[in-house]
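In: Show me how the following folds:
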Amino acid sequence: MFTPIERILDGEIAEGKAVKIRGWIYRTRQQGKLNFVVVRDASGVIQCAVKKGVVSDDHFEGATKALIESAVIVEGTVKKDARAHGGYELVASAFDVLHFSEIFPISKDQSTEFLLDVRHLWLRSRELTAVMRIKANVLAAIRDFCKQEGYFETTPPILTTSAAEGGSTLFELDYFGKKAFLSQSAQLHLEALIFSLEKVYAITPSFRAEKSRTNKHLTEYWHFEGEAAHVDNEGIMQFEERLLEYVCHRIAKENTKELAELGRDAKELAAVTAPFERVPYAEAIKRLQKKGVKIKDGDDFGADEEKLLTDDKTQPIFITHFPASMKPFYMKENPDGTANNHDLLAPKGFGELIGGSERETDLKTIEAKLEKAGEKLENYAWYLDLRRYGSVQHSGYGLGVERLVRWVCGLEHIRDATPFPRVINRAYP
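Out: Predicted coordinates:
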């Protein structure tokens, strides 16, 4: 039976108790007849003291020869040591090297591009390990919250013949001689599912062929999307703010150590509390103009504008009721020409996390908007059927998982919120 390192560091294992761990060498140094080998596993890192004469000669020789990233099994007794990382060390009685690593190519002060080239190895870093542990819990929290709220998880397709967000950012492919695309969004297919299940969601990859070089754009990302029957725009906003509060509080409570390792204050997440401020688009324009931004009604917000709107905020904010002319065909239009929609912006300039709206239910209105956009109605025939048979008020949202993780972890760039980032100049490794 192997003991996770985390249990030792948390003080769950009594001092002097014999344990067995397995992992990889994180650091190593030799001091005469004593080797100090820091070993990591998925849960943490601990120093192991490997002394000649205490372990067998071949085990001591192995500890001496083994380089960083060698795979090892260590048996020993737990000892408190304030000088050691985490306050504990393992006094080894056996040190078995499962695999002697070659010289590890990653060292200090290497370029971002090099680290991206060897991403498959850089994933072993403590920073990315912490991020991936938090991301796993973010996904678990989303699923748990949706279950509590009566939502069903569904599995919409990734291959599609229609565009949800406009044709300019579609990845096109040949599907057995026919034109198909990688999905930009599961929304349209989720809308079909509300007529049987009423409240549904999916967590799927989405693809956007946007030639954007920003710290918040990926060409492939994980998309958490939901749709709910008999819900208006305000109702879906209330769901979203409850969800965000739940996720932030859970991460603050359960991932305190990982947040600390990333330099993120868990108290800031624990303080996220619904309801969030609601700012109409027209008011947001005025706020930006007062800050000296040259912007007018009808202009969209970029990263700079989102930063100015949220720099002084400690809570997320909603921007609501954008001009309908700026938005896709499926958003409900109000009599004043605004869309019954919203964007949820993270505080302190981390940008948009969620976009959502009430959906248009009138068949003729949708057909007219599609034709105006130059779309062929036959490509949306199945979607238009949803307005012919039992159309009801409904609303939905889309949340970029990596954007949420970036904010929760306080990351500078979104690429570090996913194991193998896909951006416009990188699809390797």
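In: so what's the residue of the chain most remote from its centre closest to, chain neighbours aside?
Out: Going by CA atoms, centre = their mean, the residue of the chain most distant from its centre is G53, 48.4 Å out. Of all residues not flanking G53 in the chain, K33 sits nearest, at 7.1 Å (CB to CB, 6 or more residues apart in numbering). Backbone N, C-alpha and C define where each C-beta goes, glycine included.
In: Ok, H223 next?
Out: Nearest non-adjacent residue to H223, counting by CB to CB, 6+ apart: S206, 4.0 Å away.
In: surely the one you found meets F181?
Out: No: under the criterion of CB atoms under 8 Å, S206 makes no contact with F181, lying 11.2 Å away.
In: L115 is in contact with P105, isn't it?
Out: No: judged on CB under 8 Å, L115 makes no contact with P105 at a distance of 10.3 Å.
In: More neighbours: those two, which one.
Out: Of the pair L115 and P105, L115 is the one with more neighbours under other CB atoms under 10 Å, namely 15 against 12.
In: Is that one located within a helix, as I assumed?
Out: Yes: counting by DSSP: H, G, I helix; E, B strand; the rest coil, L115 is found in a helix.
In: For the closest residue to it other than its chain neighbours, give me the backbone phi and psi.
Out: With CB to CB, 6+ apart as the criterion, L115 has its nearest non-adjacent residue at 4.8 Å, and that residue is W122. Main-chain torsions, W122, degrees, to the nearest 10: phi -70, psi -20.
In: what sits against W122?
Out: Contact analysis of W122 by CB atoms under 8 Å, 6 or more residues apart in numbering lists I106, L115, L116, L128.
In: Filter the residues you listed down to the buried ones.
Out: With neighbours counted using 16 or more other CB atoms under 10 Å, the contacts of W122 contain these buried positions: L116, L128.
In: Tell me where the model's unsure across this protein.
Out: 166 (pLDDT under 70).
In: what's the longest strand along it packed up against?
Out: With DSSP state E setting the assignment, residue counts place strand 18-31 as the longest strand in the chain. Packing partners of strand 18-31 (3 or more CB pairs under 8 Å, 6 or more residues apart in numbering; DSSP states H and E): helix 5-9, strand 34-40, strand 71-80, strand 88-99.
In: let's see 7 Å
Out: helix 5-9, strand 34-40, strand 71-80 (3 or more CB pairs under 7 Å, 6 or more residues apart in numbering; DSSP states H and E).
In: Can you give me the buried ones in the first one?
Out: Which is helix 5-9. Applying 16+ other CB under 10 Å to helix 5-9 flags I5, E6, I8, L9 as buried.
In: Can you tell me which of those residues is nearest A202?
Out: Minimum distance to A202 across these is 32.1 Å, recorded for E6 (CB to CB).
In: Spatially nearest residue to the closest one, not counting backbone neighbours?
Out: Nearest to E6 is S43, by CB to CB, 6+ apart, at 3.4 Å.
In: next one: V97
Out: V97 sits nearest to G62 (CB to CB, 6+ apart), 4.1 Å away.
In: Would you verify that the one you found is located in a helix?
Out: Yes: applying three-state DSSP, one finds G62 inside a helix.
In: gap between it and V74?
Out: Here G62 is placed at a distance of 11 Å from V74 (CB to CB, to the nearest Å).
In: what residues are shared contacts of those two?
Out: F95 (CB atoms under 7 Å, 6 or more residues apart in numbering).
In: name the helices or strands packed onto the helix or strand encompassing R287?
Out: Element membership for R287 (DSSP states H and E) is helix 281-290. If you count contacts as 3+ CB pairs under 7 Å, 6+ apart, helix 281-290 packs onto helix 303-310, strand 317-320.
In: any chance of those in TSV, plus mean neighbour count and distance to L173?
Out: Output for those, formatted as TSV (neighbours: other CB atoms under 10 Å; distance: least, CB to CB, whole Å):
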stretch	mean neighbour count	distance to L173
helix 303-310	18	30
strand 317-320	22	34
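In: Nearest to R388, out of these?
Out: strand 317-320 (29.8 Å).
In: which strands and helices sit next to that closest one?
Out: Packed next to strand 317-320, using 3+ CB pairs under 7 Å, 6+ apart, are strand 277-280, helix 281-290, strand 341-346.
In: on that earlier part again, S206 and F181 - which one has more neighbours?
Out: Using other CB under 10 Å as the criterion, S206 and F181 rank with S206 on top: 24 against 21.
In: wait, the more buried one sits on F224?
Out: No: S206 is not in contact with F224 according to CB atoms under 7 Å; the separation is 10.0 Å.
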